[in-house]
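Novice: coords please:
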Amino acid sequence: MPETKKINPQASLALSAQSMHGLGVLCGIAAGAWLGAAEAPTKLVTAGLSPYTISLCMVSGVFVARWTLPTLLRGTSYVIDDLRARPHLIAWAILAGALWAVANTLTVFAIRDVGLAIAFPLWNANSLIGILWGILLFRELRGAPAKNWTKVIFGSLAIVAGATMLGLSTVRSSPVGSAHARGGIAAALGASLLWGTMYVPYRKAYLSGMNPLSFVTIFTIGELGTMLVLAGSLAGGLHSVAGQIVAARHYLFWLFLGGFCWVIGDLFQQYATKYVGIGRGIPLSNTNQLWGLAWGVLVFGELAGLSRSHQIIVIAGSIVMILGALAISTAAASAEEHSSTHDALLRECNRYELDYHGSLMALGGIEDEKRAASRRRWWDYLIVAVAVGLFAWFAWGATLPPLPMNLRWGAVLCIALAILLFGSGWALWKRTRFF
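Specialist: The predicted structure follows:
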């Protein structure tokens, strides 16, 4: 275990504040990369698959991944003990999953009515919603110097502005003038509001000392349950959706793989939220549009033949997003802000009768020995084996989608993902043992 366990938790948090900030930033950057990669399977919509079918299949992959990865890393006994210690967070996790599913469905309508190029930057404004909730509910940035406020606020605005520029670079025709434009814009903004609000349960969980691996396990119940209801009611019924899934048998492997990529990105996003707050972690993970652009342009050949002016917009938007992320990454919390965060933690502990000492240690990535000693059971290996079996079954007979792809660039991006995965994962393990 980390040596910081041997000293007073208050002192260890003060000594490790800077390192935890760096770890949170690293997780936020890794989250953006993996969440951006998860967007690649949505290209199957151009191969004739329904958006509802794609979404439901990916969420099914998410469901499998959300149970498999925590089991693989810590075991179900650990997750169960964590949930028993904080049963009030089960309802919050299910609520967060439901919010995600509704927001994801709103994006379908937004893309249909105004196109992805316009809708994506609008719903990526969720980082601004996250900052607002962080300030109002969890005292984030309270006591922070003016330079930190400037870095976080203007860095987030820069990321949204860069996303907007990247979105505008893809516009070949203007759908904004269509009859459904207002509804599409409203749907995108609604998704932004719901996704920004979804991070409130995230922050409540981590102030209370819950492990992100435990939270995401319950999150997926609300996510999959809500998605089944929405798909059954909006896509012609579950029978119709099942027929589309059977017809798309050869593509299910890629959709499940996309769901796994999304979970990996979301786990890094959860750790970023835990260690640097929603005001910093969410804007960093919203650089996923930059990675999504890389997949679209380099692998799928999107934006081919654009004019020089559009190419300049792409380059400028990318630079603006990178500068925004750099600004946020350097806005390490001050001692006054840490004190304000501890006040929010104490309020959560008093409200739900939690152990303040244990929650304080958890906030700093310090785990007590009893929880660390949880052992894996035989069913843990069964869960992992079932997940591997599902992937093997879907991979059997899977075919590449009938889409033009540059496999060399795909390999380069996969190598970059692997570097971020193992680099960030090793940093998390070394510093917190995935706590």
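Novice: List the contacts of the residue nearest to the spatial centre of the chain.
Specialist: Most central residue of the chain, judged by C-alpha distance to the mean C-alpha position with Cα atoms, centre = their mean, is residue 266 at 3.1 Å. For residue 266, the contact set (Cβ atoms under 8 Å, 6 or more residues apart in numbering) comprises 31, 35, 216. Backbone N, C-alpha and C define where each C-beta goes, glycine included.
Novice: which of those residues has the most neighbours?
Specialist: Taking other Cβ atoms under 10 Å to define a neighbour, the member of those with the most is residue 31, carrying 29 neighbours.
Novice: Which helix or strand contains that one?
Specialist: In this structure, residue 31 is located in helix 9-37 according to DSSP states H and E.
Novice: If you count neighbours, what's buried in the helix or strand just after that helix?
Specialist: Next along the chain after helix 9-37, taking DSSP H and E as the criterion, comes helix 51-73. For helix 51-73, the neighbour count (16 or more other Cβ atoms under 10 Å) marks 51-71, 73 as buried.
Novice: can you pull the contacts of residue 138?
Specialist: Residue 138 touches 203, 207, 277-278, 341, 344, counting by Cβ under 8 Å, 6+ apart.
Novice: now those residues in JSON lines, with secondary structure, distance to residue 299 and neighbour count?
Specialist: Supplementary listing: the contacts of residue 138 in JSON lines, determined by DSSP: H, G, I helix; E, B strand; the rest coil; distance: Cβ to Cβ, whole Å; neighbours: other Cβ atoms under 10 Å:
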{"residue": "203", "secondary structure": "helix", "distance to residue 299": "35", "neighbour count": "24"}
{"residue": "207", "secondary structure": "helix", "distance to residue 299": "39", "neighbour count": "24"}
{"residue": "277", "secondary structure": "coil", "distance to residue 299": "33", "neighbour count": "30"}
{"residue": "278", "secondary structure": "helix", "distance to residue 299": "31", "neighbour count": "30"}
{"residue": "341", "secondary structure": "helix", "distance to residue 299": "40", "neighbour count": "22"}
{"residue": "344", "secondary structure": "helix", "distance to residue 299": "42", "neighbour count": "19"}
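Novice: Tabulate those (a markdown table), appending distance to residue 425 and pLDDT.
Specialist: Supplementary listing: these in a markdown table, determined by distance: Cβ to Cβ, whole Å; pLDDT from 0 to 100:
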| residue | distance to residue 425 | pLDDT |
| --- | --- | --- |
| 203 | 23 | 82 |
| 207 | 24 | 80 |
| 277 | 21 | 80 |
| 278 | 22 | 80 |
| 341 | 25 | 73 |
| 344 | 28 | 78 |
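Novice: will you turn those residues into JSON lines that also has distance to residue 362?
Specialist: Formatted as JSON lines, the entries for the contacts of residue 138 read as follows, by distance: Cβ to Cβ, whole Å:
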{"residue": "203", "distance to residue 362": "13"}
{"residue": "207", "distance to residue 362": "9"}
{"residue": "277", "distance to residue 362": "15"}
{"residue": "278", "distance to residue 362": "17"}
{"residue": "341", "distance to residue 362": "13"}
{"residue": "344", "distance to residue 362": "14"}
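Novice: Looking at the residues you listed, spot the one nearest residue 104.
Specialist: The nearest member of those to residue 104, counting by Cβ to Cβ, is residue 278 at 18.8 Å.
Novice: The closest one contacts residue 203, doesn't it?
Specialist: Yes - contact status for residue 278 versus residue 203: in contact at 5.4 Å, counting by Cβ atoms under 8 Å.
Novice: Residue 137 - nearest residue in space that isn't next to it in sequence?
Specialist: Setting aside the residues directly before and after it, residue 137 is nearest to residue 200 in space (Cβ to Cβ, 6 or more residues apart in numbering), at 6.3 Å.
Novice: which residue sits closest to residue 328 in space, ignoring its chain neighbours?
Specialist: Excluding the flanking residues, the one nearest residue 328 by Cβ to Cβ, 6+ apart is residue 155, at 4.0 Å.
Novice: got the contact list for the one you found?
Specialist: Residues in contact with residue 155 (Cβ under 8 Å, 6+ apart) are 283, 323-328, 331.
Novice: Around residue 402, how many other residues sit close by?
Specialist: Using other Cβ under 10 Å, residue 402 has 10 other residues around it.
Novice: Can you give me the separation between it and residue 251?
Specialist: Counting by Cβ to Cβ, to the nearest Å, the separation of residue 402 from residue 251 is 10 Å.
Novice: what kind of secondary structure is residue 283 in?
Specialist: Using DSSP: H, G, I helix; E, B strand; the rest coil, the structure places residue 283 in helix.
Novice: That one contacts residue 156, doesn't it?
Specialist: Yes - with the criterion set as Cβ under 8 Å, residue 283 and residue 156 qualify as a contacting pair; they are 4.3 Å apart.
Novice: any common contacting residues for the two?
Specialist: When contacts are counted by Cβ under 8 Å, 6+ apart, residue 283 and residue 156 are jointly contacted by 127, 131, 324, 328.
Novice: got the contact list for the nearest residue to the first one once chain neighbours are set aside?
Specialist: Just to be clear, that refers to residue 127. Closest residue to residue 127 in three dimensions, ignoring its sequence neighbours and counting by Cβ to Cβ, 6+ apart: residue 283, at 4.1 Å. Contacts for residue 283 (Cβ under 8 Å, 6+ apart) come out as 28, 127, 130-131, 152, 155-156, 159, 324-325, 328.
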